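Asker: need a 3D model of the following:
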Amino acid sequence: MPAHGSQQSRAYVAAHFALELDGNREVGLFKSVEGGGVKTDLIKYQLAGDHKTYLRLGKPKYEDIKVQVGMAMSEPFYNWVSSFFSGLPDRKNGAIVAGDFHYKERARREFFDAMISEVVFPKLDGADKNPCYMGVTISPERLEYKKPGGQTIRQAERTGQQKLWAACNFRFELKGFEDATRRVTKVDSFTLKQKPIEHWVGGARGPVKTPGRIEYPNVVFYLPESNAWPFVDYHQKRVIGGQNQAPARLEGQITTLDAEGNELFTVELAGCEIFNITHDKSDASSEEIKQVKVEICVERMAFTYMQIEIED
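Answerer: Numbers count the residues shown, from 1 in each chain. Here you go, the predicted model:
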């Protein structure tokens, strides 16, 4: 019978990826994870008339960690995302754990003083029944590789929740256009960014990262042309007519749902303005319903997670 140590050294297929935050081992499971490596630049130098080139290692550089998440994460993670949407820096220590098919820990990377620097919200489409996954980029100040302990990943019970969020289950709302937004068929993917600023201090091996300015993206949605007149009329008055004093800026909300219609989380939109309306190409041979693309700018966003009960 092989020894326990040899079992740990066998090759394996990484089937499960878990996140730990601030000592909490039950944060959740990823769909995928990439990056999170440590590299350094090579410093080259020569001596006087010597033709040889000498090499030495520079300071370490820690790569960002990019993860894809569905609904298999728990409240601490989504609270972290919520702080990012609000532009509030929130540093976390944690670990990325890779497990085999039996949820046994086989690889471990720990990160320190990490911030979220980017969130990619996926495309929502009423005709797409595939699961949705949100992309999150984590920017750590320091990374360390740790020898795996072989313990069981404790989030196994959340695996069934990973696919609760489907692209077709959503609700888009814009105050003042309630009737029209009920017919929204699609919302394009959008990305929030907050690029960290690096500060090098003395002889420190790595930089101190501070959060930069958060960049809120434009939101693009689509609806049938037959239902788009309220937006076209508003756009005509504000842009063509120049009525820029009233009414006040628009507010809206994107709500994601599970198959039973229960709310998963919401993205609130504030300080919105319609600045572009584009009509589909007119083609006599097309049999598709003609759509109108509406693009709005957004000054602020907020993310709210709805607690999901895990069924045994």
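Asker: list the buried residues for stretch 92-106?
Answerer: Judged by neighbour count using 16 or more other CB atoms under 10 Å, the buried positions of stretch 92-106 are 92-100, 103-106. Just so you know, the C-beta spots here come from the backbone N, C-alpha and C atoms, and that holds for glycine as well.
Asker: and the helices in this structure?
Answerer: For the chain, applying DSSP state H gives helices covering 4-9, 75-85, 178-181, 229-235.
Asker: so which of those is the most packed in?
Answerer: Burial of the helices of the chain is given as mean neighbour count (mean count of other CB atoms under 10 Å); helix 75-85 ranks first at a mean of 19.
Asker: which strands and helices sit next to that one?
Answerer: Packed against helix 75-85, as judged by 3 or more CB pairs under 8 Å, 6 or more residues apart in numbering; DSSP states H and E, are the following elements: strand 16-21, strand 24-30, strand 105-121, strand 300-305.
Asker: check those strands for me: which has the lowest mean pLDDT.
Answerer: Across those, strand 24-30 has the smallest mean pLDDT, namely a mean of 81.
Asker: now do it: which elements does it pack against?
Answerer: Judged by 3+ CB pairs under 8 Å, 6+ apart, strand 24-30 is in contact with strand 16-21, strand 65-69, helix 75-85.
Asker: just send the helices and strands packed on helix 75-85 back as a markdown table, with distance to V69 too.
Answerer: Below are these laid out as a markdown table (distance: least, CB to CB, whole Å):
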| stretch | distance to V69 |
| --- | --- |
| strand 16-21 | 9 |
| strand 24-30 | 6 |
| strand 105-121 | 10 |
| strand 300-305 | 12 |
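Asker: looking at the ones you listed, which is closest to Y54?
Answerer: strand 105-121 (31.6 Å; CB to CB).
Asker: and the helices and strands packed on strand 24-30: which comes nearest G37?
Answerer: Among the helices and strands packed on strand 24-30, strand 65-69 comes nearest to G37, with 9.2 Å by CB to CB.
Asker: strand partners (parallel or antiparallel) of that closest one?
Answerer: Partner strands for strand 65-69, per DSSP bridges, with pairing direction: strand 32-35 (antiparallel), strand 134-139 (antiparallel).
Asker: winner for burial among those strands?
Answerer: Among those, strand 134-139 has the highest mean neighbour count (mean count of other CB under 10 Å), at a mean of 21.
Asker: chain center to that one, what's the gap?
Answerer: Relative to its parent chain, strand 134-139 has a centroid offset of 5 Å by CA atoms, centre = their mean, to the nearest Å.
Asker: can I get it as PDB, trimmed to CA atoms?
Answerer: What follows is strand 134-139, C-alpha atoms only, in PDB (Å, rounded to 0.1, in the frame of the first residue of the first chain):
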ATOM      1  CA  MET A 134     -19.000  37.300 -13.300                       C
ATOM      2  CA  GLY A 135     -15.300  38.100 -13.800                       C
ATOM      3  CA  VAL A 136     -13.400  39.500 -10.800                       C
ATOM      4  CA  THR A 137      -9.800  40.600 -10.800                       C
ATOM      5  CA  ILE A 138      -8.000  40.600  -7.400                       C
ATOM      6  CA  SER A 139      -4.800  42.700  -7.100                       C
END
